[in-house]
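[1] need a structure here:
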Amino acid sequence: MGWDGHELAIVGTATGAYGVANGALGKGWVKSFIHRQPVAAFSVALGCLGILLPLTVIPLRRKLGLPTNQYDAHYPGTVFPKI
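    Residues are numbered from 1 along each chain as shown. The predicted structure follows:
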């Protein structure tokens, strides 16, 4: 199945936000942010992980044959849960 619009939107938003922050805050802002505010940096890292999980979990569920009907019910070959 490949990436559709949702996955591309996630990647595009993440790279765009990083580009804007890098342009506004200058070189080395990530390292400075981590050293000056480690709790906030960890919170941002967890938020990024949560946003990027659909890019990894859903394809893994498809390959394992697990239900993915909550994410792509309109695709042919979608596995629905057995009740």
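[2] Quickly find the element holding Pro76.
    For Pro76, there is no enclosing helix or strand under DSSP states H and E.
[3] For it, give its distance to Arg61.
    Applying CB to CB, to the nearest Å, the value for Pro76 to Arg61 is 16 Å. (Glycine included, C-beta is placed from N, CA and C.)
[4] Next: Val79.
    Applying CB to CB to Val79 and Arg61 gives a distance of 8 Å.
[5] shared neighbours, the two?
    67-68 (CB atoms under 8 Å, 6 or more residues apart in numbering).
[6] tell me what the helix or strand of the chain with the lowest mean pLDDT is packed against?
    Least confident helix or strand of the chain, by mean pLDDT, DSSP states H and E, is helix 69-72 with a mean of 76. Helix 69-72 sits against helix 38-64, with contacts defined as 3 or more CB pairs under 8 Å, 6 or more residues apart in numbering; DSSP states H and E.
[7] buried set for the helix it packs on?
    By neighbour count on 16 or more other CB atoms under 10 Å, the buried set for helix 38-64 is 41, 58, 62.
[8] what helix or strand is the residue nearest to the first one when sequence neighbours are not counted on?
    When you say that, I think you mean Ala41. Nearest-residue entry for Ala41: Ile34, 4.5 Å, with adjacent residues in sequence omitted and distances by CB to CB, 6 or more residues apart in numbering. Assigned by DSSP H and E, Ile34 belongs to helix 29-36.
[9] Taking helix 38-64 as reference, get the angle to that helix.
    120 degrees (axes from the mean of the first three to the mean of the last three CA atoms, to 10 degrees).
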